[in-house]
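Student: Got a sequence here, can you model it:
(one chain, ligands or ions: 2)
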Amino acid sequence: STRPVRHFLKDTDLSPAEQAEVLELAARMKAAPYSVQPFAAAASGRKTVAVIFDKTSTRTRVSFATGIADMGGNPLIINPGEAQIGHKESVEDTAKVLERMVSTIVWRTGAHAGLVAMAENSRVPVINALCDDYHPCQLLADLLTIKEHKGELNGLTMAYLGDSANNMANSYLLAGVTAGMNVRIAGPDGYLPSPEIIAAAEDRAAETGGSVLVTIDPAEALLGADVVATDTWVSMGQEAEKEARMKLFRNYSVDAQAMKLAAPDAVVLHCLPAYRGYEIAADVIDGPQSVVWDEAENRLHAQKALMAWLMHRSGLAVVDGLA
Ligand code: CP
Ligand code: NVA
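Tutor: Ligands and ions are numbered 1, 2, ... in the order given. Next comes the predicted model:
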């Protein structure tokens, strides 16, 4: 192929037009789940996708395995600690081996730099299935869900409350403004997105007409919001800080009182797993405004579209209807 390989390591790796194209493909494939077969039809004939986990997972593992099988591929799931990568072998050497056999590499890991090194050494697409800094596949599912419930993404206001220094906060900010949304992030001092992430989001917002607000005041973020999102206060790897974090984020809970400030028809998102009574109240996540089960299902549809789109754009398969 003469096309350079495309990777998806962070939300802004897709331009606004490309993100819209992936979401449109996801909606098309949700309606016709077996209509796109990039692995069966791969130019290389390769069927296997390596899906590597350095951290645990339910949704990511099941949605990738299911989606790869749906599209004529063979999911090779590598669970934490099962491969040589990270203890006996470098990321670079692992990439150079995998890219000679598989059609795509999906990886959940800690440091984003590892994903960059994997991508730099791979002629097949590399997909970030969550790292310490981003969870971009989750945001494709979230945006698909919002689109289904609200019709349009452009111009909507989305509030994220809680641990605003984590992977989900960064991805809400970057993917949200890419879609032209007004994204408001609220968390305590010291637990807000880094200046680099805010600058990247502001650049993107200037391109799309979206906007960025970062605040320590949850009410300022919530007021009139069309979408309210949160995530665990204790991400994978932070278990030792659990007690301190429970106190730190106490005022950023998405509960019934918080929801009174949002638009009356606001939808509520949570990537799951959820801790009821902490970042989200049981009556909110299990209530009528919650769309979290659609959101979880949409991991499947969004990631199928992403894999097909990356294969197509890298010249490794042909998906009908894509330029
Ligand atoms: N939301 C999400 O990524 O869930 P898992 O950790 O179960 O994959
Ligand atoms: N912020 C959470 C997301 C889990 C899907 C974590 O990194 O553990």
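Student: In terms of pLDDT, where does residue 87 sit?
Tutor: Here the pLDDT value assigned to residue 87 is 88.
Student: Likewise for the one 3 residues further on?
Tutor: If you check residue 90, the pLDDT there is 97.
Student: One more: residue 43?
Tutor: Looking at residue 43, the pLDDT reads 73.
Student: With residue 238 as the reference, measure out to the residue of the stretch 201-323 of the chain found nearest ligand 1.
Tutor: In the stretch 201-323 of the chain, the residue that lies nearest ligand 1 is residue 271 (3.8 Å; Cβ to the nearest ligand atom). C-beta: built from backbone N, CA, C; applies to glycine. To residue 238, residue 271 is 16 Å away according to Cβ to Cβ, to the nearest Å.
Student: So which of the two has more stuff around it?
Tutor: With neighbours defined as other Cβ atoms under 10 Å, residue 271 and residue 238 compare such that residue 271 has more, 26 against 15.
Student: The nearest residue to that one once chain neighbours are set aside: neighbour count?
Tutor: Closest residue in space to residue 271, ignoring its immediate chain neighbours: residue 138 at 4.9 Å, by Cβ to Cβ, 6 or more residues apart in numbering. Burial of residue 138 is recorded as 29 neighbouring residues (other Cβ under 10 Å).
Student: now do the one 10 residues further on
Tutor: As a burial measure, residue 148 scores 15 neighbours (other Cβ under 10 Å).
Student: Please apply the same query to the one 4 residues further on.
Tutor: Counted with other Cβ under 10 Å, the neighbours of residue 152 add up to 11.
Student: the strands in this protein, which residues?
Tutor: Using DSSP state E, the strands of the chain run over residues 48-53, 74-78, 104-108, 126-128, 157-161, 182-186, 211-215, 227-230, 267-270.
Student: Mean neighbour count and mean pLDDT added to those, as a markdown table?
Tutor: Putting the strands of the chain into a markdown table (neighbours: other Cβ atoms under 10 Å; pLDDT from 0 to 100) gives the following:
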| stretch | mean neighbour count | mean pLDDT |
| --- | --- | --- |
| strand 48-53 | 22 | 98 |
| strand 74-78 | 16 | 98 |
| strand 104-108 | 27 | 98 |
| strand 126-128 | 27 | 99 |
| strand 157-161 | 27 | 99 |
| strand 182-186 | 26 | 99 |
| strand 211-215 | 18 | 98 |
| strand 227-230 | 28 | 99 |
| strand 267-270 | 26 | 99 |
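Student: Need those strands in CSV (columns: distance to residue 25).
Tutor: Compiled in CSV, the strands of the chain are given as follows (distance: least, Cβ to Cβ, whole Å):
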stretch, distance to residue 25
strand 48-53, 17
strand 74-78, 20
strand 104-108, 16
strand 126-128, 15
strand 157-161, 22
strand 182-186, 23
strand 211-215, 27
strand 227-230, 22
strand 267-270, 21
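Student: interface residues of the stretch 201-323 of the chain facing ligand 1?
Tutor: When proximity is defined by Cβ under 6 Å from any ligand atom, the stretch 201-323 of the chain lies next to ligand 1 at 271, 272.
Student: show me where the stretch 201-323 of the chain has helices.
Tutor: Assigned by DSSP state H, counting those that start in this stretch, the stretch 201-323 of the chain shows helices spanning 218-222, 242-248, 256-259, 282-285, 292-313.
Student: okay if I get these as JSON lines plus mean pLDDT and mean neighbour count?
Tutor: What follows is the helices of the stretch 201-323 of the chain, written out as JSON lines (pLDDT from 0 to 100; neighbours: other Cβ atoms under 10 Å):
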{"stretch": "helix 218-222", "mean pLDDT": "98", "mean neighbour count": "19"}
{"stretch": "helix 242-248", "mean pLDDT": "97", "mean neighbour count": "13"}
{"stretch": "helix 256-259", "mean pLDDT": "98", "mean neighbour count": "17"}
{"stretch": "helix 282-285", "mean pLDDT": "98", "mean neighbour count": "17"}
{"stretch": "helix 292-313", "mean pLDDT": "98", "mean neighbour count": "23"}
